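Asker: how does the following fold in three dimensions:
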Amino acid sequence: MNWLTNAAHTRWLEAEADSLLAFASGALTDEGFGYLDGEGRPVPAEGSHLWVTCRMIHSFALGALLGRPGSATMVDHGVRALAEHFHDKEHGGWYAQVGPDGPIDSTKAAYAHAFVILAASSAAAAGRPGGKELLAEALTVSLERFWRDEDGMVVESYDAGFTRLEDYRGVNANMHTVEAYLAAADVTGDDAWLERATRITKRVVDDFARNNDWRIPEHFDADWKPLPDYNMDHPADPFRPAGATIGHWFEWSRLTLHARAAWQLRGVSPEDWMLDGAQALFDLAVTEGWDVDGADGFVYTVDFTGKPLVTERMHWVVTEALGAAAALYRVTEDPNLPAWYQLWWEYAAVHLIDEEGGSWIHELDSDNEPSATVWNGKPDIYHAIQATLIPRLPLTPPIAPALAQGLLDKV
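Answerer: Predicted coordinates for the structure are as follows:
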């Protein structure tokens, strides 16, 4: 049985999306959306993070586009929170973290600002008030502060006043910028964002990945020279882990296929590196990530010989494996992909989906028992809800615009 074409499985995906939205509704705070603990309660000490709030806006915008009552109100709350609590009215951009008394972390990072673009794109696609205006401002900030045309990449982070730029350059921030730019291209109708997304993707996939046996280096200095030993003394960092990150190989595989499909839709023949790179990244992620240490699950990171480095299992890696399998199947119809897709949903159901507490357990140890080495709690539902929708949608347009165009289950 091929679950990727099975109507009963589609109904299960829909029910899982509804369950995730119900869990996320507990994240509402005065300043936006809180970081949720394992029971779905905001952690007061965390305040509201920009990346969490934007991911929740995006997720509830998907809920609104799915016709789920109450979701639109959550989107509107998040958009207002960005304007009233996160927005830096003096210097522009949005604070990284806020609380009842104002900014907790006033830095300005490309990673979180990419999620402002994604949230705004989804809010605009859902027709929510302020979505288009937020998107226009977010794109202006990204272009003026983070994008570097000479590199074809974005820089990492600044202080609050955009006066001090961090010397570090990272692939993670660029990956989510690709996701954001792809969404913005469809919502705005401006293909310049698709071109920028493709430039980033080509450099990462056809240069960094290809020239490192497809193990993507994540960390670089200001001149884009790789830092292979970065964070080796703190390898399990949630945003900048040491070594190469298995889940990102799946994510880049899928994003490359989204960009490829976007160009095809516009009548442009895709370049060979796009499918070649997507396939190579997917294959290596399976080979070096899945069941490599005696237990089911994907290890978090490997070193640059492919040896497991951090063996904890992250829920988001499984969601990205599912999305990449579905995306690659749309292109290749490889008969092996449905089996992987089914196996990984089985793993998610047995080990990750928390039927009693709600949402997904975000981290497991190498014995598939709950762990908190990298992540505490269940901060948001972004990765999981996308895993319930990507198999039901075409590769282009992106998720929110596709839902707005009525393309759900019309692959």
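
Asker: count of neighbours near the nearest residue to Val204 once chain neighbours are set aside?
Answerer: Residue nearest to Val204 in three dimensions, not counting chain neighbours: Val171, with 5.9 Å by C-beta to C-beta, 6 or more residues apart in numbering. (Each C-beta comes from the backbone N, C-alpha and C, glycine too.) Val171 has 23 neighbours, counted by other C-beta atoms under 10 Å.

Asker: same check on Gly267?
Answerer: For Gly267, the number of neighbouring residues by other C-beta under 10 Å comes to 6.

Asker: can you check His234 too?
Answerer: His234, neighbours per other C-beta under 10 Å, totals 10.

Asker: repeat that for Phe304.
Answerer: Neighbour count for Phe304, taken as other C-beta under 10 Å: 15.

Asker: what's it in contact with, if anything?
Answerer: With contact taken as C-beta atoms under 8 Å, 6 or more residues apart in numbering, Phe304 is in contact with 212, 215, 217, 228, 243-244.

Asker: redo that, cut-off 10 Å
Answerer: 212-213, 215, 217, 226, 228-229, 243-244 (C-beta atoms under 10 Å, 6 or more residues apart in numbering).

Asker: dump those residues to a markdown table, plus distance to Leu4.
Answerer: Below are those laid out as a markdown table (distance: C-beta to C-beta, whole Å):
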| residue | distance to Leu4 |
| --- | --- |
| Asn212 | 31 |
| Asp213 | 29 |
| Arg215 | 28 |
| Pro217 | 32 |
| Pro226 | 36 |
| Pro228 | 37 |
| Asp229 | 40 |
| Gly243 | 31 |
| Ala244 | 28 |
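
Asker: tabulate those in TSV, adding columns for neighbour count.
Answerer: Formatted as TSV, those follow (neighbours: other C-beta atoms under 10 Å):
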residue	neighbour count
Asn212	14
Asp213	12
Arg215	24
Pro217	20
Pro226	17
Pro228	15
Asp229	11
Gly243	26
Ala244	27
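
Asker: just the ones of these in strands?
Answerer: Residues of the contacts of Phe304 located in strands (DSSP state E): Ala244.

Asker: pretty sure the residue nearest to Val204 contacts Ile216?
Answerer: Yes: with contacts counted by C-beta atoms under 10 Å, Val171 reaches Ile216, the gap being 6.2 Å.

Asker: separation between Asp334 and Leu281?
Answerer: From Asp334 across to Leu281, the span is 14 Å (C-beta to C-beta, to the nearest Å).

Asker: do the same with His362
Answerer: From His362 over to Leu281 the distance is 23 Å, taken as C-beta to C-beta.

Asker: between Val171 and Ile216, which contacts overlap?
Answerer: 204, 208-209, 244-245, 248, 252.

Asker: for those, which one is nearest Leu408?
Answerer: The nearest member of the shared contacts of Val171 and Ile216 to Leu408, counting by C-beta to C-beta, is Trp252 at 25.0 Å.

Asker: with only the CA atoms kept, save the one helix or strand the closest one maps to in CSV.
Answerer: Here Trp252, judged by DSSP states H and E, is contained in helix 246-265. Output in CSV follows, covering the C-alpha atoms of helix 246-265 (Å, rounded to 0.1, in the frame of the first residue of the first chain):
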residue,chain,number,x,y,z
ILE,A,246,21.1,15.1,9.2
GLY,A,247,17.8,16.8,9.3
HIS,A,248,19.1,19.8,7.3
TRP,A,249,20.1,17.4,4.4
PHE,A,250,16.4,16.4,4.2
GLU,A,251,15.3,20.0,4.5
TRP,A,252,17.7,21.2,1.7
SER,A,253,16.6,18.3,-0.4
ARG,A,254,12.9,19.3,-0.2
LEU,A,255,13.6,23.1,-0.6
THR,A,256,15.7,22.4,-3.7
LEU,A,257,12.7,20.5,-5.2
HIS,A,258,10.3,23.4,-4.3
ALA,A,259,12.6,25.8,-6.1
ARG,A,260,13.0,23.5,-9.0
ALA,A,261,9.2,23.2,-9.3
ALA,A,262,8.7,26.9,-9.0
TRP,A,263,11.0,27.5,-12.0
GLN,A,264,9.2,24.7,-14.0
LEU,A,265,5.8,26.4,-13.3
